[in-house]
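**Student:** This is a predicted model, with the sequence first.
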Amino acid sequence: MWRFFIMFSLILIALFALELVKSVQVWVVMPWTEILARVSAAILVLFDSSVQVHGVVIQNMTTFSGVSIEPGCNGVEACIVLIAAIIAFPAPWKYKLMGVAAGVLAVQGLNILRIISLFYLVQWSAAAFKFAHLYLWQALIMLDVLVIWLVWIRFVLRNAASEEPTCEPA
């Protein structure tokens with residue numbers, strides 16, 4: 001247990017430090033955030049043709065209200081926590097890689113839902129937007145990370161146990 005907590009902490013610190021490096025921000029985080037904005041806007045356009053995206057800003061061109069996806073709102077930090085937890089857990093690397101890939105997709109899928117809901121909330125009520133943005137969705141995203149990690153652990157324990165060689169008496 002201590003090994004996991006120490007590894008988790010070290011990996012978490014390393015990944016958060018890496019995220020803060022300017023070149024990582026410029027070449028990874030900001031392009032990712034723009035992709036997230038474009039994907040969210042593409043979904044929103046299916047329901048409202050007045051939605052446009054400009055970089056990280058998604059705006060309703062009729063009401064001129066919108067949201068800007070800022071650092072901390074792009075799901076990168078939640079993914080970092082999930083990645084650190086998966087890598088620190090003692091499991092075969094093939095399961096770790098599968099867990100990271102599926103987990104990041106799941107976290108970002110929920111984050112897109114979060115962005116879309118916040119886009120509509122900001123048009124409806126500033127108070128509801130503020131509560132959902134600062135409290136509700138922050139907790140839900142981190143709860144998502146925990147649930148994904150626990151589901152992954154269950155998957156690993158079931159599958160890794162079935163792969164262990166058994167010794168049969170001759």
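**Tutor:** Sure, I can see it. Computed from a predicted structure; not experimentally measured. Numbers count the residues shown, from 1 in each chain.
**Student:** Backbone dihedrals for P90, both of them.
**Tutor:** Backbone torsions for P90, taken as degrees, to the nearest 10, come to phi -70, psi 100.
**Student:** can I assume it is in contact with K96?
**Tutor:** No: between P90 and K96 there is no contact under C-beta atoms under 8 Å: 9.8 Å. C-beta here means a position set from N, CA and C on the backbone, and glycine is covered the same way.
**Student:** neighbour count winner among the two?
**Tutor:** K96 (18 against 10; other C-beta atoms under 10 Å).
**Student:** ok, for that one, nearest residue in space, not its chain neighbours?
**Tutor:** Among residues not flanking K96 along the chain, I86 sits closest, at 5.5 Å (C-beta to C-beta, 6 or more residues apart in numbering).
**Student:** part of a strand, is the one you found?
**Tutor:** No: judged by DSSP: H, G, I helix; E, B strand; the rest coil, I86 forms no part of a strand; its state is helix.
**Student:** what's the distance between it and C79?
**Tutor:** I86 sits 10 Å away from C79, going by C-beta to C-beta, to the nearest Å.
**Student:** sorry, back to before: wait, what's in contact with the residue nearest to K96?
**Tutor:** K96, G99, V100, G103, W149, W152 (C-beta atoms under 8 Å, 6 or more residues apart in numbering).
**Student:** Now tabulate the residues you listed in JSON lines and tack on secondary structure.
**Tutor:** Below are the contacts of I86 laid out as JSON lines (three-state DSSP):
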{"residue": "K96", "secondary structure": "helix"}
{"residue": "G99", "secondary structure": "helix"}
{"residue": "V100", "secondary structure": "helix"}
{"residue": "G103", "secondary structure": "helix"}
{"residue": "W149", "secondary structure": "helix"}
{"residue": "W152", "secondary structure": "helix"}
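**Student:** which SS state does D48 fall under?
**Tutor:** Per three-state DSSP, D48 ends up coil.
**Student:** So it is in contact with M61, correct?
**Tutor:** No: judged on C-beta under 8 Å, D48 makes no contact with M61 at a distance of 9.6 Å.
**Student:** Count the neighbours of K130 for me.
**Tutor:** Residues lying near K130 (other C-beta under 10 Å) number 12.
**Student:** What does the pLDDT read for it?
**Tutor:** Confidence at K130, expressed as pLDDT, is 95.
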